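1. Following is a predicted model, sequence given first.
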Amino acid sequence: MKLNNSEQEIVILGRSFHLKGILGRPPGAKAVVVFAHGSGSGRLSSRNNFVARELQKAGFATLLMDLLTEDEEADRKNVFDIHLLSERLLLAKNWVAANTSALSLVGYFGASTGAAAALEAAAKDPANIFAVVSRGGRPDLAMSSLPQVKAPTLLIVGGRDDVVIELNQKALRQLTCAKELTIIPGATHLFEEPGALEQVAQKAAHWFVSHVEVVWIR
């Protein structure tokens, strides 16, 4: 994947591992959206890169990263280890605070199992988290953490993704923050239908813009 002029490759160091990432930082960005990929996907996910670049157009910095190392990805259990994935998101959040002082506010955009990780991370450490968006996510995998989420949360689901719609409806009832469930008509789980992913990006951008503005006004 070719990076645009506002993007750069980064490395986030853990205690005994390192994770590759792509930081997109358009001029004037004051908030960053950290992406949580699902089902073994990573920083090169074409769908999340599309959404990231639309968010950059809306004025947000974006951080796409591999939540797992290559060795960890070889064990499929790690893909569904929500606790592990959420800890990696908190590592990314701390990296942002240490390396990009101007980006004081953080949002999470989670897909599939990454949505559960994003919500658990938001519940564990709510400081400076201004919003969360889930795309075709499995927030039900973080059910016990949902009542502790404080950041406004948008759940986006495809209209033809019946099972996931039901799971998101159950999760929505557990959330006590500002919340909304949006269904994209005719879309399946991966939002591959013409115009479906564009609608996801548009709704995500609107959610993030609306809620970051509320924080700035305060």
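-> Great, that's in hand.
2. tell me which strands and helices the longest helix seen in the chain is in contact with?
-> Counting by DSSP state H, the longest helix found in the chain is helix 196-217. Counting contacts by 3 or more CB pairs under 8 Å, 6 or more residues apart in numbering; DSSP states H and E, helix 196-217 packs against strand 31-36, helix 46-57, strand 105-111, strand 129-135, strand 153-158, strand 179-184. Heads up, the C-betas are built off the backbone N, CA and C, glycines and all.
3. Tell me the buried residues in it?
-> The neighbour-count check on helix 196-217 (16 or more other CB atoms under 10 Å) flags 196-197, 199-201, 203-205, 207-209, 211-212, 215 as buried.
4. where does the chain dip in pLDDT?
-> The model of the chain has pLDDT under 70 over residues 39-40, 214-218.
5. Any idea which residue is closest to the centre of it?
-> With distances taken as CA atoms, centre = their mean, Phe109 lies nearest the centre of the chain, 1.7 Å away.
6. My read is that that residue contacts Ala118, right?
-> Yes. With contact defined as CB atoms under 8 Å, Phe109 reaches Ala118; the gap is 7.2 Å.
7. Need the overlap of contacts for these two.
-> Shared contacts of Phe109 and Ala118, defined by CB atoms under 8 Å, 6 or more residues apart in numbering, are found at 34, 36, 132.
8. Distance to Arg43 and neighbour count added to the residues you listed, as a markdown table?
-> Below are those laid out as a markdown table (distance: CB to CB, whole Å; neighbours: other CB atoms under 10 Å):
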| residue | distance to Arg43 | neighbour count |
| --- | --- | --- |
| Val34 | 11 | 25 |
| Ala36 | 11 | 31 |
| Val132 | 19 | 33 |
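9. Just send those back as TSV, with distance to Leu141 too.
-> Converted to TSV, these look like this (distance: CB to CB, whole Å):
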residue	distance to Leu141
Val34	18
Ala36	12
Val132	14
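10. which one of the residues you listed sits closest to Thr188?
-> Closest approach between these and Thr188, by CB to CB: Ala36, at 20.6 Å.
11. check contacts around that closest one.
-> 67, 85, 89, 108-111, 114-115, 117-118, 121.
12. May I have the beta-bridge partners of it?
-> Counting by DSSP bridges, Ala36 is bridged to Gly110.
13. rewinding a little: quick one, which of the helices and strands packed on helix 196-217 gets closest to Ile10.
-> Of the helices and strands packed on helix 196-217, nearest to Ile10 by CB to CB is strand 31-36, at 12.0 Å.
14. any idea how far Gly24 is from Arg76?
-> Taking CB to CB, to the nearest Å as the measure, Gly24 falls 29 Å from Arg76.
15. got it, and Glu7?
-> For Glu7, the distance to Arg76 - CB to CB - is 30 Å.
16. unless I'm mixing things up, Ile129 is touching Ala97, no?
-> No. Using CB under 8 Å as the test, Ile129 is too far from Ala97 to be in contact (11.9 Å).
17. higher neighbour count, those two?
-> Ile129 (22 against 14; other CB atoms under 10 Å).
18. Contact partners for Lys20?
-> 9-11, 42-43, 65-66.
19. Helix, strand or coil: sort out it for me.
-> strand (DSSP: H, G, I helix; E, B strand; the rest coil).
20. What separation do you get for it and Val51?
-> Lys20 is 19 Å from Val51, by CB to CB.
21. try Asp71
-> 28 Å.
22. Tell me, how many residues neighbour Ala92?
-> The number of residues near Ala92, taken as other CB under 10 Å, comes to 25.
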